[in-house]
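K.L.:
Provided below are the primary sequence and the corresponding predicted coordinates.
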Amino acid sequence: MLDIKDVKVAIPVVLIAGLFWSFGPYVVRHIDEAHQVPWQYLFTRGLVIFIILNLFLYLEEGSEFINNYKKIGISSLIGGVGLGIAMISFIYSITNTSAAVTLLCLAAMPFITALLGFMFLKETISTNVWVSIAIAAFGIIIMAIDNTSENTILGLVFGILSSVGFAVFSTTLRWKKETPKFTTVAIAGLFCCFFSGIIILINDLSFLSTGKNHALFATHGTLVCLGLILYSIGSKHIPAAELTLLSLTEVIGGIFWVWVPILGINEIPSQSTVIGGFFIFISIIYYSLIIQSNKRFIGLN
């Protein structure tokens, strides 16, 4: 299993993970009648994540990868369910509001994770990191200014719930280091698939959508899975709060992809959203410079 021990390498790995996730809103916007097929979407995406992760583990460890499931503990179960809830909440948020509002909710992850890390993992958040979070918070406030008049309450609630679920996942990654990290992600995919399947059966819905939609479901699942693999690898040497701060590239990129006209969506962000996104970008750069020069952030394991 790939193990990155140099925090200077872990930083770009997590940044790239956020970049993969940033394409999620763009993919969802191409789904036909996405608000009518959320459970089919979640079922397929969860199944794809579970299959890809197990294939990755098999290529890395051979048939011995099955032993990872024998080491499942309470941290894996909590983290997997938390991530599964984040996946479910995401689709309901983004189909009920703009991509910008959904991503703004996800941008709250550093604050939620910082609190969880402090409460349950006894992780100390340095002054410089709080400065980075404050800069990001300032950007979020600016970005939210022009969204207050929209009827986005439902999307906002689901967006916050998704943020909480992902924060729980991020925190459990560092809870018990002997727990196989990819197993937690696989459990999330399985939970998402299983829960969605039950809802589909109870409501007598079809598991099938259009060919185009299923291709998009699988594409998003692949992007999510690749991002989670990188995120899990990088998490081993970066504290929980800082980990989600770095992954805010998802917010910046996600708003950009659905806006840039050449990609066909043209969901134009307001001037406040662009300015706020700039401050979030600055907070990420500031943090990256700090962590590379301050060795006390290294070796929290």
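P.N.:
That came through fine.
K.L.:
contacting residues around the helix or strand containing residue 281?
P.N.:
Applying DSSP states H and E as the criterion places residue 281 in helix 271-293. Applying CB atoms under 8 Å, 6 or more residues apart in numbering, the contact partners of helix 271-293 are 7-8, 11, 15, 100, 107, 128-129, 131-133, 135-136, 138-147, 238, 242, 245-246, 248-249, 251-252, 255, 269, 297. Where you see a C-beta, it was placed from the backbone N, CA and C, and this is true even at glycine.
K.L.:
With stretch 85-95 instead?
P.N.:
Residues contacting stretch 85-95 (CB under 8 Å, 6+ apart): 24-25, 28, 34-35, 38, 41-42, 45-46, 101-102, 105-106, 154-159, 161-166, 168-169, 188, 192, 195-196, 224.
K.L.:
could you flag which of those residues are buried?
P.N.:
Neighbour counting by 16 or more other CB atoms under 10 Å classes 24-25, 28, 34, 38, 41-42, 45-46, 101-102, 105-106, 155-159, 161-166, 168-169, 188, 192, 195-196, 224 among the contacts of stretch 85-95 as buried.
K.L.:
Looking at those residues, which are in helices?
P.N.:
Those of those mapping onto helices are 24-25, 28, 38, 41-42, 45-46, 101-102, 105-106, 155-159, 161-166, 168-169, 188, 192, 195-196, 224, per DSSP state H.
K.L.:
Show me the helices in the stretch 201-301 of the chain, by range?
P.N.:
211-235, 240-246, 249-259, 271-293 (DSSP state H, counting those that start in this stretch).
K.L.:
For the first one, name the packing helices and strands.
P.N.:
Which is helix 211-235. Where contact means 3 or more CB pairs under 8 Å, 6 or more residues apart in numbering; DSSP states H and E, helix 211-235 is packed against helix 7-22, helix 24-29, helix 38-61, helix 181-202, helix 240-246.
K.L.:
mind running it again at 10 Å?
P.N.:
For helix 211-235, the packing partners by 3 or more CB pairs under 10 Å, 6 or more residues apart in numbering; DSSP states H and E come out as helix 7-22, helix 24-29, helix 38-61, helix 74-94, helix 153-172, helix 181-202, helix 240-246.
K.L.:
Rebuild those helices as JSON lines, extending it with distance to residue 273.
P.N.:
JSON lines is the format used below for these (distance: least, CB to CB, whole Å):
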{"stretch": "helix 7-22", "distance to residue 273": "15"}
{"stretch": "helix 24-29", "distance to residue 273": "13"}
{"stretch": "helix 38-61", "distance to residue 273": "25"}
{"stretch": "helix 74-94", "distance to residue 273": "15"}
{"stretch": "helix 153-172", "distance to residue 273": "15"}
{"stretch": "helix 181-202", "distance to residue 273": "29"}
{"stretch": "helix 240-246", "distance to residue 273": "19"}
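K.L.:
Of all those, which one is nearest residue 263?
P.N.:
Of all those, the one in closest proximity to residue 263, counting by CB to CB, is helix 24-29 (6.7 Å).
K.L.:
Name the surrounding residues that touch that closest one.
P.N.:
With contact meaning CB atoms under 10 Å, 6 or more residues apart in numbering, helix 24-29 is reached by 34, 41, 45, 90-91, 94-95, 98-100, 102-103, 106, 215-217, 219-224, 227, 250-251, 253-260, 263-265, 267.
K.L.:
Please repeat the previous calculation with a cut-off of 6 Å.
P.N.:
34, 94, 99, 216, 219-220, 254, 257-258, 265 (CB atoms under 6 Å, 6 or more residues apart in numbering).
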